[in-house]
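# Any chance you could fold what I've pasted below:
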Amino acid sequence: MNSRPRLQGVTPEGERIDLPDLAEIEIIWDEGIPATILVSPDYLEGNSLSIEVGSEEDDQHQVEEYGVLVLRPGSCNVLDIEVETHSMQATDQ
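Model (predicted):
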């Protein structure tokens, strides 16, 4: 299991709020496919942040593929970025 980073939220008034147990944020839009932000997900090694968004639906509006954007801290203030596409069928197996 990955260690969790210290997380803070910022209110519209600029107040900082500690979020010690936050691991996932689900974003549900009025239109479009939902997105999920995962903080240090267990399926990735080391510190990371992943943003997962469905990218293709079938005729029944079920997500068949999803895109993953992975951000990792790199050396010397560099951010490593990976972009991947996964099939839901491969994930379910």
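
# pLDDT score for the closest residue to residue 79 other than its chain neighbours?
In space, and not counting its chain neighbours, residue 79 is closest to residue 71: 5.9 Å by Cβ to Cβ, 6 or more residues apart in numbering. C-beta here means a position set from N, CA and C on the backbone, and glycine is covered the same way. As predicted, residue 71 sits at a pLDDT of 88.

# Now do stretch 19-29: distance to the chain's middle.
9 Å (Cα atoms, centre = their mean, to the nearest Å).

# For this structure, which segments count as strands?
Counting by DSSP state E, the chain has strands at residues 8-10, 16-18, 24-27, 35-39, 49-57, 63-73, 79-87.

# Next, format those strands as a markdown table and append mean neighbour count.
Output for the strands of the chain, formatted as a markdown table (neighbours: other Cβ atoms under 10 Å):
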| stretch | mean neighbour count |
| --- | --- |
| strand 8-10 | 10 |
| strand 16-18 | 9 |
| strand 24-27 | 11 |
| strand 35-39 | 17 |
| strand 49-57 | 16 |
| strand 63-73 | 16 |
| strand 79-87 | 11 |
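
# what number of residues lie near residue 31?
By other Cβ atoms under 10 Å, 4 other residues sit near residue 31.

# Now do the contacts for the residue nearest to residue 79.
Residues near residue 71 by Cβ atoms under 8 Å, 6 or more residues apart in numbering: 48, 49, 50, 51, 79, 80, 81.

# how about those residues in a markdown table, adding distance to residue 28 and pLDDT?
Output for those, formatted as a markdown table (distance: Cβ to Cβ, whole Å; pLDDT from 0 to 100):
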| residue | distance to residue 28 | pLDDT |
| --- | --- | --- |
| 48 | 23 | 86 |
| 49 | 19 | 88 |
| 50 | 18 | 90 |
| 51 | 14 | 90 |
| 79 | 27 | 78 |
| 80 | 28 | 82 |
| 81 | 25 | 83 |
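
# how about those residues, which pair is most distant?
Between any two of the contacts of residue 71, the greatest separation by Cβ to Cβ is 14.2 Å, found for 51 and 80.
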